[in-house]
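model the following, please.
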Amino acid sequence: MMPDLDLDPDTDLSFTRTLAAPRRLIWECWTDPRHIPQFFVPAPHRVTAVDIDLRVGGRFNTTFDVDGNVMDNKGVYLEVVPTEKLVFTDAYTEGWKPASDPFMTAILLLEDAPGGSTAYTAIARHRNRETRKAHADMGFFDGWGTVATQLETYARSLMG
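Okay, here's the model as predicted:
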């Protein structure tokens, strides 16, 4: 059972899905830089670089190619609970340096689900209503839903 997350409808976006892959494999996909490019942005966009230091205060940096535009995303992990929870934010970069224009904090929760599947909860927390609305308007549910589907497909391909 997921803990009480105290979601705020004014600032948080979230969804839960069951992914047909084991939790340890979903965790590995999210924490091993070799896997991130396979699912992390909706196709046809691409992840072109990943740099992960998986620890509280460690970096979670990615570079995207979105329609020919390079987008650098720098962030840090705030919480790492192996195979259960990842929390990362772009509010800071490595060394706890504040970002000039932070967008959100992401929370990923993983639980075992029947049949060897994973209950996958994704939460995006925003600093205000306006940022939350902008994220919803830019397609949070479609985009993050697509990422979850890509993650499930990719993780299943690793099951052999």
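
tell me the strands in the chain, going along the chain?
12-19, 46-52, 60-66, 69-73, 76-81, 85-89, 92-93, 97-98, 105-113, 117-125 (DSSP state E).

any chance of TSV for those, columns mean pLDDT, mean neighbour count and distance to Leu25?
All C-beta spots, glycine's among them, are computed from the backbone N, C-alpha and C. Below are the strands of the chain laid out as TSV (pLDDT from 0 to 100; neighbours: other CB atoms under 10 Å; distance: least, CB to CB, whole Å):
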stretch	mean pLDDT	mean neighbour count	distance to Leu25
strand 12-19	96	17	9
strand 46-52	96	15	17
strand 60-66	94	18	19
strand 69-73	93	11	24
strand 76-81	97	17	17
strand 85-89	97	19	14
strand 92-93	92	18	29
strand 97-98	93	9	33
strand 105-113	97	18	10
strand 117-125	97	20	8
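
rebuild these as a markdown table, extending it with distance to Leu151.
Output for the strands of the chain, formatted as a markdown table (distance: least, CB to CB, whole Å):
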| stretch | distance to Leu151 |
| --- | --- |
| strand 12-19 | 7 |
| strand 46-52 | 12 |
| strand 60-66 | 14 |
| strand 69-73 | 17 |
| strand 76-81 | 18 |
| strand 85-89 | 13 |
| strand 92-93 | 25 |
| strand 97-98 | 29 |
| strand 105-113 | 10 |
| strand 117-125 | 8 |
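
for Phe140, find the nearest of the ones you listed.
Distance to Phe140, taken as CB to CB, is lowest for strand 12-19 among the strands of the chain, at 4.8 Å.

and the pLDDT for the residue of the chain positioned farthest from its centre?
The outermost residue of the chain, judged against the average C-alpha position, is Gly160 (24.6 Å), by CA atoms, centre = their mean. On the pLDDT scale, Gly160 is placed at 75.

ok, Asp101 next?
On pLDDT, Asp101 comes in at 87.

how many neighbours does it have?
Look at Asp101: counted by other CB atoms under 10 Å, it has 7 neighbours.

likewise for Glu152?
Neighbours of Glu152 under the rule other CB under 10 Å: 21.

check contacts around it.
19-21 (CB atoms under 8 Å, 6 or more residues apart in numbering).

Phe39 too?
Residues near Phe39 by CB under 8 Å, 6+ apart: 29, 147, 150-151, 153-154.

if we go to 10 Å?
By CB atoms under 10 Å, 6 or more residues apart in numbering, the residues touching Phe39 are 29-30, 47, 146-155.
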